[in-house]
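Undergrad: A structural model of the following input is requested.
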Amino acid sequence: MTVDEFRYPAYVLQEAEGSKKLLLFSANAVEVDRWVGVPQKRRLAGEETVGWQREEKPGRLKELATFFSNDRNVIQNPLLCALQDAEAVTFEPLAGHPNFGELVVRTEPLKETSLLESLERLCLQLEERVPSLRTHGIDAVRRRAVIEQARAIHSWDNDWAEEALSDDETEEDESQSEERNGEDSIDFASALLTEETQIVDFYQELKIRAEILRTVPESERPREFVGFSAEAMQSYLRPVVLVDGQHRLHGAVKAAHLKLDSDRGQELLAEMVDQGLKADAARDNVLKSFARQLPISLLLDDSPSEHVFQFVVVNQKATPMPSALLGTIVSTSLSREELEPVADRLREAAIPLDDSQAVAFMTRSPESPFKNLVQTGMTGDQNRLLPWTVLKSLTTIFRELKGGKIFGSSLDYADLWKRELLAESDLVEDAATGDEKFKLWKSTDGPWRGVALRFFWEIRERFGNDDPGASNAWGNTDSNLYNKISLTILAADYFQFLTDRRLSINSDDDVKVTMDEWLKGVSTQYFAREWKVGLKKDQKAVREKWAKTWVEYRKYPLRLPAPEKFKP
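TA: Okay, here's the model as predicted:
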């Protein structure tokens with residue numbers, strides 16, 4: 001049996017006397033991908049695996065691959081790993097320096113391991129975790145379901161196929177299976193953790209597929225069978241398990257492959273082959289030369305329960321950074337000159353830089369009606385302030401010209417105005433094409449900003465009250481006016497009016513002129529009375545009721561709606 005060996009200088013750390021030891025080291029991302037497994041919580045053919053990692057998100061991988069493609073970018077967070085096979089991972093301390101030494105990882109090259117072998121080895125691994133599995137026979141009902149799926153998926157038309165997909169022979173009859181399963185369900189339902197129930201189900205699926213594949217000629221055995229692939233199973237067979245950082249690892253590997261596929265990568269590959277190196281070896285050398293060294297923290301514990309515990313601690317107990325604070329830091333920690341060199345890198349890293357700058361301006365500028373009246377994510381924020389995410393959605397209506405939907409309607413009037421009338425605006429006349437006009441409009445300090453500022457100032461002046469206790473208080477989200485629902489309704493209805501009347505906006509002054517027409521006859525006391533709602537604002541029924549009441553009144557403002565009209 002071929003075994004690959006990887007060696008890395010490492011340092012042993014023990015956080016406390018009773019804690020497990022950690023090994024701190026760095027390793028080539030491509031090498032790490034060969035000895036680390038990522039046991040994902042997935043549904044394979046309708047059955048949950050016993051993994052606990054979330055499934056990878058292609059979009060996130062693409063973002064990180066782009067991020068890692070820039071050699072200047074660094075992510076300081078280490079990959080968090082743990083032992084899966086303690087015998088395959090050893091630490092050799094230096095003489096006289098017990099905390100320093102060399103980590104040795106030995107692993108089989110599993111790439112060519114068949115699905116059948118992977119299934120059989122994983123079954124043995126699960127039997128070591130739960131010895132009672134050795135006494136479990138194959139469930140006839142489950143086996144029959146797998147056979148039916150296999151017949152639908154695999155177009156086998158051979159003599160051996162009849163034997164492989166026969167459901168005549170089972171290790172227990174159906175009645176025994178159902179009786180045993182019923183007993184199991186009672187026992188497991190009373191358990192504190194449901195891991196073993198899941199392991200039993202997963203184990204059954206593995207055993208059934210292995211049993212069927214043994215009857216298939218070796219040359220005909222597929223790499224994937226009824227939802228279970230060799231690659232997915234091999235994550236459980238590697239010597240080290242990845243607790244946190246799968247997107248970082250695979251993003252770094254993807255970045256190395258992108259460089260390999262580049263003109264420079266292909267040139268290096270051709271040079272090595274010309275020098276006599278075999279194509280596979282040359283490709284491996286070039287790929288590793290492009291891959292990053294990633295920091296790693298390895299927990300010297302091969303207990304699956306400890307792995308899951310660490311995963312929960314990292315993903316559930318650690319406090320995530322709120323959107324407001326992230327936006328605040330991104331948009332206010334650097335001067336314009338300091339931000340410029342890294343702005344594109346921030347965008348490539350999927351940090352919402354432009355949105356953050358737009359909202360930060362609306363939150364902090366003396367020109368804004370929202371100044372000091374929006375949460376920033378920092379200690380001391382008052383609950384009555386408008387959430388950062390709400391102001392972001394309001395600015396999006398004006399900046400991106402999307403999200404202008406009146407609750408209960410599927411039409412986005414901001415988007416409709418953009419498509420039909422933006423090109424006519426003098427505010428974007430300097431741009432040639434429609435795409436260029438929109439790009440000019442939505443730039444950080446583009447025309448959108450003046451329009452949005454004027455709109456919300458007019459709303460504040462016409463309908464608002466600076467008294468925080470008033471029903472129409474501006475600056476207190478308990479009011480009828482200063483909240484996500486009312487402000488979204490007003491913005492969306494304004495764009496509906498512009499679209500219906502075929503009105504463009506040629507200057508900031510045009511905002512006041514068009515709003516005068518839009519609000520003709522509307523009472524400034526609309527939001528100033530106590531509405532009898534009886535429910536929280538941000539509920540579908542309330543949103544749609546408020547939207548319907550406003551639009552009907554705005555179009556025919558004969559008398560103010562009765563307070564009861566705002567209750568669904």
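Undergrad: Quick check: longest helix in this protein by residues?
TA: When the chain is parsed with DSSP state H, its longest helix is helix 195-214.
Undergrad: average pLDDT across stretch 480-490?
TA: What stretch 480-490 shows for mean pLDDT is 96.
Undergrad: Provide the contact partners of that stretch at residue level.
TA: When contacts are defined by Cβ atoms under 8 Å, 6 or more residues apart in numbering, stretch 480-490 is touched by residues 373, 386-387, 390, 393-394, 397, 403, 406-407, 456, 459, 463-464, 471-477, 527-529, 531, 537-538, 542-543, 546-547, 550-551. (Glycine included, C-beta is placed from N, CA and C.)
Undergrad: domains for the protein, by residue range?
TA: Domains of the chain are assigned by automatic domain parsing as 4-112+237-317, 115-233, 323-566.
Undergrad: how about CSV for those domains, with mean neighbour count added?
TA: Listed next are those as CSV, based on neighbours: other Cβ atoms under 10 Å:
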stretch, mean neighbour count
domain 4-112+237-317, 16
domain 115-233, 15
domain 323-566, 17
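Undergrad: lowest-confidence stretch among the ones you listed?
TA: domain 115-233 (a mean of 68).
Undergrad: Among the contacts of stretch 480-490, which lie within helices?
TA: Per DSSP H, these map to helices at 390, 393-394, 397, 456, 459, 463, 542-543, 546-547, 550-551.
Undergrad: Those residues: which two are farthest apart?
TA: Using Cβ to Cβ, the two most remote members of those are Phe456 and Val542, lying 22.1 Å apart.
Undergrad: Am I right that Leu298 sits in a helix?
TA: No - the assignment for Leu298 is strand, going by DSSP: H, G, I helix; E, B strand; the rest coil, so no helix is present there.
Undergrad: who's in contact with it?
TA: Per Cβ under 8 Å, 6+ apart, neighbours of Leu298: Ala10, Leu22, Leu23, Leu24, Phe25, Cys81, Ala82, Leu83, Val89, Leu103, Val240.
Undergrad: can you give me the strands for the stretch 201-350 of the chain?
TA: Along the stretch 201-350 of the chain, counting by DSSP state E, counting those that start in this stretch, strands occupy 224-225, 228-229, 240-244, 293-299.
Undergrad: Check the stretch 401-550 of the chain too.
TA: Under DSSP E, counting those that start in this stretch, the stretch 401-550 of the chain gives no strands.
Undergrad: sorry, back to before: looking at the contacts of Leu298, which is nearest Ala255?
TA: Of the contacts of Leu298, the one sitting nearest to Ala255 (Cβ to Cβ) turns out to be Cys81, at 19.9 Å.
Undergrad: which helices and strands does the longest helix of the chain pack with?
TA: The helices and strands touching helix 195-214, judged by 3 or more Cβ pairs under 8 Å, 6 or more residues apart in numbering; DSSP states H and E, are strand 47-48, helix 115-129, helix 140-153, helix 174-189, strand 224-225, strand 228-229.
Undergrad: Can you name the element that comes right after the first one?
TA: Past strand 47-48, further along toward the C-terminus, the next helix or strand under DSSP states H and E is helix 58-69.
Undergrad: Can you list the strands that the helix or strand just after that next one pairs with?
TA: Next along the chain after helix 58-69, taking DSSP H and E as the criterion, comes strand 79-83. According to DSSP bridges, strand 79-83 forms sheet pairs with strand 240-244 (antiparallel), strand 293-299 (parallel).
Undergrad: any chance of those strands in CSV, plus distance to Gly276?
TA: Converted to CSV, the strands paired with strand 79-83 look like this (distance: least, Cβ to Cβ, whole Å):
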stretch, distance to Gly276
strand 240-244, 34
strand 293-299, 28
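Undergrad: Gln125 is nearest to which of those strands?
TA: Of the strands paired with strand 79-83, nearest to Gln125 by Cβ to Cβ is strand 240-244, at 11.8 Å.
Undergrad: Run through the residues that contact the closest residue to Leu535 other than its chain neighbours.
TA: Nearest residue to Leu535 in three dimensions, chain neighbours excluded: Val542, at 5.4 Å (Cβ to Cβ, 6 or more residues apart in numbering). Residues near Val542 by Cβ under 8 Å, 6+ apart: Ile485, Val533, Leu535, Lys536, Phe566, Pro568.
Undergrad: Show me the contact partners of stretch 119-129.
TA: The contact list for stretch 119-129 (Cβ under 8 Å, 6+ apart) reads 50, 133-134, 199, 202-203, 206-207, 209-210, 213, 228, 233, 236-237, 304.
Undergrad: Off-centre distance for that stretch?
TA: In terms of Cα atoms, centre = their mean, to the nearest Å, the centre of stretch 119-129 is set 31 Å apart from its chain centre.
Undergrad: Only C-alpha atoms, please: export that stretch in PDB.
TA: C-alpha atoms of stretch 119-129 as PDB (Å, rounded to 0.1, in the frame of the first residue of the first chain):
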ATOM      1  CA  LEU A 119     -17.900   2.200   1.600                       C
ATOM      2  CA  GLU A 120     -16.400  -0.800   3.200                       C
ATOM      3  CA  ARG A 121     -13.700   1.100   5.100                       C
ATOM      4  CA  LEU A 122     -16.200   3.700   6.200                       C
ATOM      5  CA  CYS A 123     -18.500   0.900   7.600                       C
ATOM      6  CA  LEU A 124     -15.500  -0.400   9.600                       C
ATOM      7  CA  GLN A 125     -14.800   3.100  10.900                       C
ATOM      8  CA  LEU A 126     -18.400   3.500  12.000                       C
ATOM      9  CA  GLU A 127     -18.400   0.000  13.700                       C
ATOM     10  CA  GLU A 128     -15.400   1.200  15.700                       C
ATOM     11  CA  ARG A 129     -17.400   4.300  16.800                       C
END
